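Chemist: sequence first, then the predicted structure:
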Amino acid sequence: MEVGNIRKFGYRVNGNIVNQPARVISTNKVTSGLKVIEAEFQDGTVRKYSRQHMPKE
């Protein structure tokens, strides 16, 4: 996964999982000792996802 790639990411809204396309904006941040990917969605929100839980490419 590289910066600038667009792929689907899931997150919860009112208990339901929503899958939306988002642009990868960072792949090398570390938060609380975990390597994370930051993704920006079309509405401008930025969410962090643990690289440990991402599928291998």
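Modeler: All right, it came through fine. Residues are numbered from 1 along each chain as shown.
Chemist: what about the strands in the chain?
Modeler: Ranges of strands in the chain, per DSSP state E, are 6-13, 16-31, 34-41, 46-50.
Chemist: can you list these in a markdown table and add mean pLDDT and mean neighbour count?
Modeler: To be clear about C-beta, it is placed using only N, CA and C from the backbone, and glycine gets the same treatment. Putting the strands of the chain into a markdown table (pLDDT from 0 to 100; neighbours: other C-beta atoms under 10 Å) gives the following:
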| stretch | mean pLDDT | mean neighbour count |
| --- | --- | --- |
| strand 6-13 | 93 | 12 |
| strand 16-31 | 91 | 13 |
| strand 34-41 | 92 | 18 |
| strand 46-50 | 92 | 14 |
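Chemist: contacting residues for Arg12?
Modeler: By C-beta atoms under 8 Å, 6 or more residues apart in numbering, the contact list for Arg12 reads Val18.
Chemist: partners of it in the sheet?
Modeler: In this entry, Arg12 is beta-bridged to Ile17, by DSSP bridges.
Chemist: distance-wise, check it relative to Glu2.
Modeler: Between Arg12 and Glu2 the computed distance is 26 Å (C-beta to C-beta, to the nearest Å).
Chemist: how about Val30?
Modeler: 18 Å.
Chemist: can you check Ile25 too?
Modeler: Ile25 sits 11 Å away from Glu2, taking C-beta to C-beta as the criterion.
Chemist: between the two, which contacts overlap?
Modeler: Common neighbours of Ile25 and Glu2, using C-beta under 8 Å, 6+ apart, do not exist here.
Chemist: Val18 and Lys8 touch, don't they?
Modeler: No. Judged on C-beta atoms under 8 Å, Val18 makes no contact with Lys8 at a distance of 10.0 Å.
Chemist: how about Val46, nearest residue that isn't a chain neighbour?
Modeler: Using C-beta to C-beta, 6 or more residues apart in numbering and skipping the chain neighbours, the partner closest in space to Val46 is Glu40 (5.1 Å).
Chemist: show me what contacts that neighbour?
Modeler: Applying C-beta under 8 Å, 6+ apart, we find Glu40 in contact with Ala22, Arg23, Ile25, Val46.
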